[in-house]
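Novice: Any chance you can model this:
(chains A, B, C and D)
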Number of protein chains: 2
Amino acid sequence: MEEQTGLRERKKQRTREAISNAALELFFEHGFDQVSISQVAAAAEVSRRTLFAYFRGKDDLVLHRIADHEHESARVVRAHRDAPLPALREHFLDGLRRHEPITGLCDLPQVLALYRLIMGTPTLLPSLLRFRESGELALAAELGESPDLSPLTARLAAAQIVSVQWRLSMDNHHRMANGVSATDAYPDAVAAAELGFDLLMNGLGTLGKS
Amino acid sequence: MEEQTGLRERKKQRTREAISNAALELFFEHGFDQVSISQVAAAAEVSRRTLFAYFRGKDDLVLHRIADHEHESARVVRAHRDAPLPALREHFLDGLRRHEPITGLCDLPQVLALYRLIMGTPTLLPSLLRFRESGELALAAELGESPDLSPLTARLAAAQIVSVQWRLSMDNHHRMANGVSATDAYPDAVAAAELGFDLLMNGLGTLGKS
DNA sequence: GTGCATAAGTATACTTAGTGCAATATAGCC
DNA sequence: GGCTATATTGCACTAAGTATACTTATGCAC
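Specialist: Alright, predicted model coming up:
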């Protein structure tokens, strides 16, 4: 279903991984900004020019590792058109249970190192936010498919949902980065997620003294 | 209160404006990506190096013009600690009434050109999103000052609020960019804002068929 | 006003991300 | 083997941003 395994394809895949691995190894060791594209290319034993054939830019060398999740929320909604928000809530809670990297609640050394790199490198923030923006757009489009929701409501809802998911993930990652184990952080993470989705579903009220 | 008007300060201010004006003129004429820093410096009659003394980077040449509004929501909340969300709502509606640029509902040619430039230049998106991020952070901090709100709630609320405000502003601008006048778009903009803040205050429900 | 410390501005050269293009090598296929 | 498409490469180029050492102008004490 996914590939015709010509030698060509396999080689391309291996080259791509070689570049990516070389890049991350160097970035972990010296920091994103301290490593040049040329150094990555040299370490991966390809020409600089070839590197750009595989990755759109320096940022992509890091961010492609989370690219799969760009439209995850949109996919979840597509599969649960009847009650999107509870579905997203369950999906997120399920992610926490499984310690999925995208929830931020994952302390596997390699994953943690990657997320530390991403979050700890201001240079990468713009790309990261674009990534988020793209996810929001996809979610809005998917929500907009529902005949019960006006396009405007869909866009507003998507904006809110994505912002909450990111805040939750960031907070979780922050604890991992501070050395808390995923297991130890799990209960708080669940409580936070439930609060977040409750606020989404039931509203913020006036935020005044209630 | 703001400046000791030495000749030095005045000259600096004028140089800064000269650079900014030259930059925007060129950007409006040829597009952000089609104009180099060197061209801007030449047009403003300063050296390239001096330009970088005044502006952190090429993006800043454009975005400094909206920098005042970066922490606007935080300021509003600071002034209305008792009921932040209604205050933000009123502030936004007031902005619409006054056709404030930051609401997106402003069709003054210069403002529209600036916003068109910002929104129509993908290169600027990252900086724009960083700007938003910074505003969200400030709002979260300000909300967190309230003893009634947990820090987590403050962060989640800030994320939601900012995302809604941006969506509303973007949608408004979009209509301006399509040639609708601010006056004509006003009623819809108010309705959209009320919907947005209603969703914030009262929640999204399940988003299913209600 | 003169002179000096300080800050603004400049010239120049450098590093690095990213692109265009033409030349070369290699997989897939007959 | 030989042909074709594509992967890869080297080289030259543009442009953003930085380092540094030098020049000019301002503010201020006298």
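Novice: Now chain A against DNA strand D: closest residue?
Specialist: Taking CB to the nearest atom of the strand, DNA strand D has its nearest neighbour within chain A at residue A:50, 3.0 Å off. (Each C-beta comes from the backbone N, C-alpha and C, glycine too.)
Novice: which residues does that residue contact?
Specialist: Taking CB atoms under 8 Å, 6 or more residues apart in numbering or on different chains, we find residue A:50 in contact with A:15, A:41.
Novice: so where do the strands sit in chain A?
Specialist: In order along the chain, chain A carries no strands (DSSP state E).
Novice: so where is it shaky, pLDDT-wise?
Specialist: Applying pLDDT under 70 to chain A flags residues A:1-5, A:7, A:210.
Novice: Taking it, what residue is nearest to chain B?
Specialist: The shortest separation between chain A and chain B is 2.7 Å, found at residue A:126 (distances taken as CB to the nearest CB).
Novice: Could you check how many residues crowd around the residue nearest to that residue when sequence neighbours are not counted?
Specialist: Counting by CB to CB, 6 or more residues apart in numbering or on different chains, residue B:126 is the residue found nearest to residue A:126 once chain neighbours are left out, at 2.7 Å. Burial of residue B:126 is recorded as 18 neighbouring residues (other CB atoms under 10 Å in any protein chain shown).
Novice: Next up, phi/psi of the nearest residue to residue A:180 once chain neighbours are set aside, please.
Specialist: With CB to CB, 6+ apart as the criterion, residue A:180 has its nearest non-adjacent residue at 8.0 Å, and that residue is residue A:107. Here the main-chain torsion angles of residue A:107 (degrees, to the nearest 10) amount to phi -110, psi 20.
Novice: correct me, but residue A:107 touches residue A:176?
Specialist: Yes. Under the criterion of CB atoms under 8 Å, residue A:107 lies in contact with residue A:176, with a separation of 5.1 Å.
Novice: Between the two, point out the one with more neighbours.
Specialist: In this view residue A:107 and residue A:176 are compared by other CB under 10 Å, and residue A:176 has more residues nearby, 23 against 20.
Novice: which residues does the more buried one contact?
Specialist: For residue A:176, the set of contacting residues under the criterion of CB under 8 Å, 6+ apart consists of A:104-107, A:112, A:115, A:182, A:185.
Novice: JSON lines please, covering those and showing distance to residue A:66.
Specialist: As requested, these are exported to JSON lines (distance: CB to CB, whole Å):
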{"residue": "A:104", "distance to residue A:66": "11"}
{"residue": "A:105", "distance to residue A:66": "15"}
{"residue": "A:106", "distance to residue A:66": "12"}
{"residue": "A:107", "distance to residue A:66": "16"}
{"residue": "A:112", "distance to residue A:66": "13"}
{"residue": "A:115", "distance to residue A:66": "9"}
{"residue": "A:182", "distance to residue A:66": "17"}
{"residue": "A:185", "distance to residue A:66": "20"}
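Novice: of all the residues you listed, which two lie farthest apart?
Specialist: When the contacts of residue A:176 are compared pair by pair using CB to CB, the two farthest from each other are A:115 and A:185, 13.6 Å apart.
Novice: what residues are up against the residue nearest to residue A:180?
Specialist: Neighbour list for residue A:107: A:99, A:176, A:180-182 [criterion: CB under 8 Å, 6+ apart].
Novice: Residue A:96 now?
Specialist: Contact criterion CB under 8 Å, 6+ apart gives A:103, A:105, A:172, A:186, A:189-190, A:193 as the residues in contact with residue A:96.
Novice: Then residue A:21?
Specialist: Taking CB under 8 Å, 6+ apart as the criterion, residue A:21 is in contact with residue A:44.
Novice: Helices along chain A, start to end?
Specialist: A:7-30, A:37-44, A:48-54, A:60-63, A:72-79, A:84-97, A:109-119, A:125-144, A:151-177, A:182-202 (DSSP state H).
Novice: which bits of chain A sit near DNA strand C?
Specialist: With CB under 7 Å from any atom of the strand as the criterion, chain A meets DNA strand C at residues A:6-9, A:11, A:35-38, A:48-49, A:52, A:56-59.
Novice: Of those residues, grab the buried ones for PyMOL.
Specialist: To isolate the buried ones among these in PyMOL, judged by 16 or more other CB atoms under 10 Å in any protein chain shown, type:
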select buried, chain A and resi 35+58+59
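Novice: follow-up on the earlier one: confirm for me that the residue nearest to residue A:126 is in contact with residue A:132.
Specialist: No. Distance between residue B:126 and residue A:132: 11.3 Å, which falls outside the contact criterion (CB under 8 Å).
Novice: re the thing from before, I'd like to know which of the helices of chain A lies nearest to residue B:15.
Specialist: For residue B:15, the closest of those is helix A:125-144, at 28.2 Å, according to CB to CB.
Novice: so how far is the closest one from its chain's centroid?
Specialist: Relative to the mean C-alpha coordinate of its chain, helix A:125-144 is positioned 11 Å out (CA atoms, centre = their mean, to the nearest Å).
Novice: Can you list the buried residues in that helix?
Specialist: The neighbour-count check on helix A:125-144 (16+ other CB under 10 Å) flags A:125-133, A:135-144 as buried.
Novice: Right, I'll leave it there.
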